[in-house]
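>>> Need coordinates for the following:
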Amino acid sequence: GRMAGAGQVGVVLSTPDGIADANAAFLRLTGFTRQELDEGQAHWRAITAPEWTSLDDDAVAELSTTGSYGPHRKEYRRRDGTRLTVEVTSVLLGDDPMTWVTFIRDMTRLPEGAPPLPDSAERLAALAADLARAVTVEEVARMVTGHVRRSMGATAATITEVLPGGQVMRSLLPDGVPQPIAAQYAEFPVTLDTPATRAWRGRRLIFHPDRASLEAEYPHLADTVAAGGVSASLAAPLITGGQVTGVLAAYWATPRTMDPAERSFTITVAGYAAQALARARLFEAEQAARSRLQALQAVTAGLATAVTSEQIAEVLVDAGMALVAAYGVVAMLDGDHLSTRTTRNFPADISRTHARIPLDEAARTPIGWTVRSGQPLILSSGQEIAARFPQAAFTHVATGSASAMCVPVRAAGRVIGALAFGFPVEGHPGEEI
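Numbers count the residues shown, from 1 in each chain. Okay, here's the model as predicted:
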């Protein structure tokens, strides 16, 4: 359908081929009619003043790589040939085909430093400008929740993401939520009936105008609703690439209503949040991969110059093992003893106690068993660790390791030691490990 809204901010939906849609404010700003827009006479390149066309090329390139552009000023050529100074902010909506939304402010009518105007388009433009500066997941979450609280008068706002596997939801940023409640719902199963899980499962906005409707729908959450002072709430799914990746939620201390325009605004904000979070996750993944590659190169260089087993162990515990696990131990045969070195984050008293232990005693630990048997060992839970190696259970509890893996080290066809890795979550290590 047509873009709604006749506010003071122009809103344009564009592709590389031209303008796909625009609101009435944009038509008033540029002087084109709806028919002329539909006929392609108002291409976004054509209405840009000639000296600013390079800015359009920069905008498209930046949109494709970062997902946002602006705010920046430039000049439009109106249909009657006159010039118009505008401020544009763009946000990428999709990649295939490339589609973006642009918010246009008429700067000839606004004094320098003018505050945001109280309409949906202006609020969305402000959010787009904020998201253009957000790089990490935390920054995006903070921008979105802060914007929702300011623009919608919410007492609190949260963004909840669905963890890989689709069984658990985790709060990214409980902005304004009382600490005890934030801690209680830092993570929760998707099977728990809440507005957030309903929005996620149903792919639709869930709104409750008052406490009575909340308690009627979720009697098991009545104590939490009362403790949080919640009298109205909404939950909107975050959808990107056809997948629901999380939920944006807002809470009010007093009952409230929500008209269709505000529902549409909320869904649009959730869409921007989903796109920005996806870009931020990609950025963080790229940064992590780059850091990991650099660390791997450092380990490789260290191993290339290591001569003794002690030097090799030092390189592994200082840098190598942290690439794949939270904790690590290198164990080397030393006669009838096992000499060990641990990663620096290991509890110091445990490292000292197990620095050199008799092989018979070491065999009652996962790494000692691996040295004795010459077989790799995977322990996928704390319960399994305690059942098979009760004497080692305390060490894994002290380090927070919920699962472990040990692999033998061989030289000249015989086992000379082993490597042990501890992970903070239960489960079977992936193929990459």
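>>> roughly how far apart are Thr254 and Val317?
With the distance defined as CB to CB, to the nearest Å, Thr254 ends up 57 Å from Val317. (Each C-beta comes from the backbone N, C-alpha and C, glycine too.)
>>> So which of these two has more stuff around it?
Looking at Thr254 and Val317 with other CB atoms under 10 Å, you find the greater number of neighbours at Val317, namely 21 against 11.
>>> Who are the packing partners of the strand or helix carrying Glu284?
Assignment of secondary structure by DSSP states H and E places Glu284 within helix 260-305. With contacts defined as 3 or more CB pairs under 8 Å, 6 or more residues apart in numbering; DSSP states H and E, the packing partners of helix 260-305 are strand 83-95, helix 120-133, helix 137-152, strand 156-162, strand 232-240, strand 243-252, helix 309-315.
>>> Following the chain onward from the last one, which element is next?
Secondary structure here is assigned by DSSP H and E; on that basis, the next helix or strand after helix 309-315 toward the C-terminus is strand 327-334.
>>> Tell me which other helices or strands that next one touches.
Taking 3+ CB pairs under 8 Å, 6+ apart as contact, the helices and strands that strand 327-334 lies on are helix 309-315, strand 337-342, helix 366-373, strand 414-423.
>>> tell me the mean pLDDT over it?
Per-residue pLDDT over strand 327-334 has a mean of 86.
>>> before we move on, what about stretch 64-80?
Per-residue pLDDT values over stretch 64-80 give a mean of 83.
>>> Ok, stretch 96-110 next?
Within the predicted structure, the mean pLDDT of stretch 96-110 is 79.
>>> Contacts made by it with the rest, please.
8-16, 20, 25-26, 29, 44, 60, 63-64, 73, 76, 84-93, 121-122, 124-125, 128 (CB atoms under 8 Å, 6 or more residues apart in numbering).
>>> worst-scoring helix or strand of the protein, pLDDT-wise?
The element with the least model confidence among the helices and strands of the chain, by mean pLDDT, DSSP states H and E, is helix 309-315, at a mean of 69.
>>> Now do the contacts for the residue nearest to the spatial centre of the chain.
To find the centre residue of the chain, average its C-alpha atoms and take the closest one (CA atoms, centre = their mean): that gives Val137, at 4.1 Å. Contacts of Val137 were listed using CB under 8 Å, 6+ apart, and they are Leu172, Leu277, Ala280, Arg281, Glu284.
>>> Apply 6 Å and report the result again.
With contacts defined as CB atoms under 6 Å, 6 or more residues apart in numbering, the neighbours of Val137 are Ala280, Arg281.
>>> Quick one, grab the pLDDT at it.
In the predicted model, Val137 carries a pLDDT score of 90.
>>> What separation is there between it and Arg341?
From Val137 over to Arg341 the distance is 35 Å, taken as CB to CB.
>>> cool, and Arg204?
Looking at Arg204 against Arg341, where the rule is CB to CB, the gap reads 55 Å.
>>> who has more neighbours, those two?
In this view Arg204 and Arg341 are compared by other CB under 10 Å, and Arg341 has more residues nearby, 20 against 13.
>>> Correct me if wrong: that one contacts Gly328.
No. Arg341 is not in contact with Gly328 according to CB atoms under 6 Å; the separation is 9.0 Å.
>>> Quick check: closest non-adjacent residue to Val247.
Ala196 (4.3 Å; CB to CB, 6 or more residues apart in numbering).
>>> now Pro189
Nearest in space to Pro189, with sequence neighbours left out and distances taken as CB to CB, 6+ apart, is Val168 at 5.9 Å.
>>> And Ala278, by the same measure?
In space, and not counting its chain neighbours, Ala278 is closest to Thr240: 4.7 Å by CB to CB, 6+ apart.
>>> per-residue confidence for the one you found?
pLDDT for Thr240: 80.
>>> OK, contacts around it?
If a contact means CB under 6 Å, 6+ apart, then Thr240 has Ala274, Gln275, Ala278 as its contacts.
>>> Look up the residues forming beta bridges with it.
With DSSP bridges as the criterion, Thr240 is bridged to Gln243.
>>> so can I have a markdown table of the helices and strands packed on strand 327-334 showing distance to Ala141?
Putting these into a markdown table (distance: least, CB to CB, whole Å) gives the following:
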| stretch | distance to Ala141 |
| --- | --- |
| helix 309-315 | 37 |
| strand 337-342 | 35 |
| helix 366-373 | 38 |
| strand 414-423 | 26 |
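>>> Out of these, which gets nearest to Arg34?
Of all these, strand 414-423 sits nearest to Arg34, with 59.1 Å by CB to CB.
>>> could you give me the average pLDDT of the closest one?
Mean pLDDT, computed over strand 414-423, is 88.
>>> Also stretch 338-357?
For stretch 338-357, the mean pLDDT works out to 85.
>>> Could you pull out the buried residues of that stretch?
Neighbour counts over stretch 338-357 (16 or more other CB atoms under 10 Å) mark Leu338, Ser339, Thr340, Arg341, Thr342, Thr343, Phe346, Ser351, His354, Ile357 as buried.
>>> How far does that stretch stretch from one end to the other?
Taking CA to CA, to the nearest Å, the first and last residues of stretch 338-357 lie 5 Å apart.
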